[in-house]
Every structure is written in C-alpha cells, then in structure tokens.
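Chemist: Got a predicted structure plus its sequence, pasted below:
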Amino acid sequence: MPSKTGYLQRYLIIIQQVRKNKHISMDELINAVQYRISLYADRDKIGISKSTIQRDLKDIRKKLYLNIKYSKAENGYYIQDDDRTSDIEMMLEPLNLLGNLYMDKSLPNFVFTEKRKPRGLENLTPLIYAIKNSLITEFMYLKYDNSSQHIRMVEP
C-alpha cells in the first residue's frame with residue numbers, strides 16, 4: 001500500500017470505527033483497522049501497532065481538526081460532534097470510495113470513477129460569507145430537466 005494512500009485509508013477507517021463504536025478501546029481499534037486493511041492487502045505485510053494508531057489519532061486531530069477524544073471512565077475513544085465533524089467526514093467520503101476502488105486489486109480494470117470537474121465550487125466562498133453575515137442570497141434556479149428558470153431568494 002503506498003504510504004500516502006495508507007495514511008488516508010487508516011485515517012478513514014479510524015474515523016469510521018470511532019463513529020460507529022462509541023468508546024472503542026485501543027485494542028478494538030487496532031484490530032478493526034488491521035482487519036479492514038487486510039481486506040485489501042496481504043495479511044502478512046500488515047503491522048498496525050498501538051503507536052501507529054496513536055500517531056494517526058494525533059494527526060487526525062491536528063491536520064483534520066476532528067475532535068477524537070479519549071474517555072477514561074468509558075476506556076475508549078469517541079468523536080465529540082461539532083459542525084466541522086460532518087463536513088470533514090463528507091469531504092473524506094470520496095477519498096474512501098477511491099481508496100477502496102484502487103486498493104482492491106480483484107476489481108476489473110473497467111471500473112472507473114467520474115472524471116468530470118466539480119462545478120459550482122466557486123460559489124461556496126460567497127455563500128459561506130452570506131451565511132456568516134446573515135445575508136439574504138439570490139440566485140437563478142434551473143430545474144434539472146431544463147424546463148424553466150426562476151430567481152430564488154434564500155436566508156441563512
């Protein structure tokens with residue numbers, strides 16, 4: 001597994017496991033990560049250690065700003081939800097899909113992801129500005145079937 005892909009794949013697995021199993025212990029987390037990665041690689045070449053998971057948790061907190069905490073009372077890790085959590089997980093979802101597709105060597109070569117450029121991302125910054133400043137936003141709405149256009153006004 002290439003190193004960068006390996007890091008991202010582990011981050012995704014850790015986030016998913018902590019989300020799914022509130023107060024997951026370190027041993028359970030190690031086993032879950034090792035099992036999930038073994039689905040895409042040779043079992044003999046995988047060595048997930050406690051220090052690897054601890055380093056990944058630190059990186060997830062520091063680089064992804066995802067608030068994974070440890071509860072001594074519950075002896076396990078959990079994600080403290082905030083508005084950023086779902087946004088980060090939403091951004092990581094396509095990486096998860098791509099990682100799964102490209103890491104699974106048993107898939108036929110004709111499995112392709114869309115190669116289209118994302119459209120509309122240039123509108124994200126002004127929309128966030130409008131939301132933060134409680135501004136009414138106006139835009140042209142075009143139905144999917146291209147039948148009619150309407151001006152829409154939305155409030156944050």
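Modeler: All right, it came through fine. Numbers count the residues shown, from 1 in each chain.

Chemist: Just say helix, strand or coil for the closest residue to Gln17 other than its chain neighbours.
Modeler: The shortest distance from Gln17 to any non-neighbouring residue, by C-beta to C-beta, 6 or more residues apart in numbering, is to Ala32 (4.5 Å). The C-beta positions use only the backbone N, C-alpha and C, and glycine is treated the same way. The three-state assignment at Ala32 reads helix, by DSSP: H, G, I helix; E, B strand; the rest coil.

Chemist: so how far is Met26 from Ala32?
Modeler: Remark: distance between Ala32 and Met26 (C-beta to C-beta, to the nearest Å) = 11 Å.

Chemist: who has more neighbours, those two?
Modeler: Ala32 (20 against 15; other C-beta atoms under 10 Å).

Chemist: Break this structure into its domains for me.
Modeler: Taking automatic domain parsing as the domain assignment, the ranges for the chain are 3-103, 121-154.

Chemist: Going toward the C-terminus from the lowest-mean-pLDDT helix or strand in the chain, what's the next helix or strand?
Modeler: Least confident helix or strand, the chain: helix 83-103 with a mean of 65, by mean pLDDT, DSSP states H and E. Under the assignment DSSP states H and E, the closest C-terminal helix or strand after helix 83-103 is helix 124-132.

Chemist: what does that next one contact?
Modeler: Here helix 124-132 makes contact (C-beta atoms under 8 Å, 6 or more residues apart in numbering) with Leu135, Ile136, Thr137, Pro156.

Chemist: Ser71 versus the first one, what's the distance?
Modeler: Distance from Leu135 to Ser71, counting by C-beta to C-beta: 40 Å.

Chemist: Which one's more surrounded, the two?
Modeler: Just comparing Leu135 and Ser71: by other C-beta under 10 Å the higher neighbour count belongs to Leu135, 14 against 11.

Chemist: and the gap between the more buried one and Glu155?
Modeler: Leu135 is 9 Å from Glu155, by C-beta to C-beta.

Chemist: same thing with Ile128?
Modeler: Between Ile128 and Glu155 the distance is 15 Å, computed by C-beta to C-beta.

Chemist: ok so, going back, quick one, what contacts the residue nearest to Gln17?
Modeler: Residues counted as contacts of Ala32 (C-beta under 8 Å, 6+ apart) are Ile13, Gln17, Asn21, Ile24.
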